[in-house]
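Trainee: my questions concern the predicted model and sequence given below.
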Amino acid sequence: MMSNHRPIDLSIESYGETRGIPYSFAVLPWGSTEPHNYHLPYLTDCYLAHDIAVNAVDKAWSEYGVQGMVLPAIPLGSQNPGQRELPFCIHARYETQKNILADIVESLNLQNIHVLIIISGHGGNNFKSMVRDLSVDYPKMLIVICEWFAIEPRQGYFEESIDDHAGELETSVMIHYRPELVNLMSAGNGESKPFNIESLNNKVGWVPRDWAKSSIDTGVGNPEKSSVEKGSRYAEVVTDKIAMLLNELVNKSLY
């Protein structure tokens with residue numbers, strides 16, 4: 001996934017490796033701490049956001065010559081009712097997330113690294129309002145939000161039509177990057193229930209799902225058909241697209 005001579009992962013790099021390198025951007029993986037069915041680790045969203053980020057930054061460096069650093073993943077996500085009551089599920093408030101992001105942006109701005117890409121691995125996180133505020137406070141900063149799981153349509157890669165949380169997509173990509181952390185034999189089938197109000201199911205309005213009432217095993221989507229082949233194929237396309245994004249952010253103007 002990563003070439004040894006490219007210092008791009010701050011979770012393992014030393015200052016001796018990074019000093020003197022003219023980094024053009026930083027990438028911030030942002031996940032959550034929450035149950036993922038019975039077979040995936042609590043930090044699945046962090047692992048996937050981090051590994052996708054490292055893979056993409058490595059491609060951007062090798063294919064386009066743009067140099068960036070992947071920051072440590074943030075494990076603090078916004079949780080739904082029914083999920084946050086489960087043991088060790090951590091709910092982070094909007095204000096908490098915004099303060100963390102603001103401190104990171106302030107640090108990078110001071111260091112003259114003015115491009116930050118947030119790779120989000122958790123669907124419950126929403127950074128748009130934060131980015132608008134921070135763009136006012138730090139006008140030199142270009143902050144980009146990227147939900148890795150929404151870049152490429154799932155059709156053609158995965159078989160399950162309902163695949164929202166700890167299902168075929170996440171499980172397959174986890175098997176690709178970190179197979180030692182996946183215990184597919186213990187997985188539930190990810191059975192879920194929609195709202196009783198059809199207008200909510202049709203996205204006419206929105207309310208947070210009560211996870212305890214909508215999911216049996218905390219998953220939404222059956223992971224049974226997951227495979228390393230599906231995960232590898234999907235991750236390859238996603239990281240290609242992110243690498244291209246990184247190149248364009250460094251080498252092109254917005255307008």
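Mentor: Noted; the coordinates are in hand. Numbers count the residues shown, from 1 in each chain.

Trainee: so who does the spatially most central residue of the chain touch?
Mentor: By CA atoms, centre = their mean, the chain has its centre lying nearest to residue 121, at 2.1 Å. Counting by CB atoms under 8 Å, 6 or more residues apart in numbering, residue 121 touches 29-32, 44-49, 52, 73, 148-149. Backbone N, C-alpha and C define where each C-beta goes, glycine included.

Trainee: restricted to helices, list those.
Mentor: Residues of these located in helices (DSSP state H): 44-49, 52.

Trainee: list the helices and strands the biggest helix by length in the chain packs on?
Mentor: As assigned by DSSP H, the longest helix anywhere in the chain is helix 228-251. Applying 3 or more CB pairs under 8 Å, 6 or more residues apart in numbering; DSSP states H and E, we find helix 228-251 packed against strand 25-30, helix 44-59, strand 115-120, strand 142-147, helix 168-177.

Trainee: got CSV for the ones you listed, with mean pLDDT, distance to residue 239 and mean neighbour count too?
Mentor: Formatted as CSV, the helices and strands packed on helix 228-251 follow (pLDDT from 0 to 100; distance: least, CB to CB, whole Å; neighbours: other CB atoms under 10 Å):
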stretch, mean pLDDT, distance to residue 239, mean neighbour count
strand 25-30, 98, 12, 25
helix 44-59, 98, 4, 26
strand 115-120, 98, 10, 24
strand 142-147, 98, 11, 18
helix 168-177, 98, 11, 25
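
Trainee: please tabulate the ones you listed in CSV, including the columns distance to residue 192.
Mentor: As requested, the helices and strands packed on helix 228-251 are exported to CSV (distance: least, CB to CB, whole Å):
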stretch, distance to residue 192
strand 25-30, 24
helix 44-59, 17
strand 115-120, 22
strand 142-147, 20
helix 168-177, 14
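
Trainee: out of those, flag the one nearest residue 88.
Mentor: Proximity to residue 88 (CB to CB) singles out helix 44-59 among these, at 13.3 Å.

Trainee: please work out the angle formed by the directions of the closest one and helix 168-177.
Mentor: 60 degrees (axes from the mean of the first three to the mean of the last three CA atoms, to 10 degrees).

Trainee: now helix 44-59 - C-alpha only, CSV.
Mentor: Provided in CSV are the C-alpha atoms of helix 44-59 (Å, rounded to 0.1, in the frame of the first residue of the first chain):
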residue,chain,number,x,y,z
THR,A,44,-13.4,0.5,11.4
ASP,A,45,-14.2,4.0,10.2
CYS,A,46,-10.8,5.3,11.3
TYR,A,47,-8.9,2.4,9.8
LEU,A,48,-10.6,2.7,6.5
ALA,A,49,-10.3,6.5,6.3
HIS,A,50,-6.6,6.3,7.2
ASP,A,51,-5.7,3.4,4.9
ILE,A,52,-7.6,5.0,1.9
ALA,A,53,-5.8,8.3,2.7
VAL,A,54,-2.4,6.7,2.8
ASN,A,55,-3.0,4.7,-0.4
ALA,A,56,-4.2,7.8,-2.2
VAL,A,57,-1.4,10.1,-1.0
ASP,A,58,1.2,7.5,-2.0
LYS,A,59,-0.4,7.4,-5.5
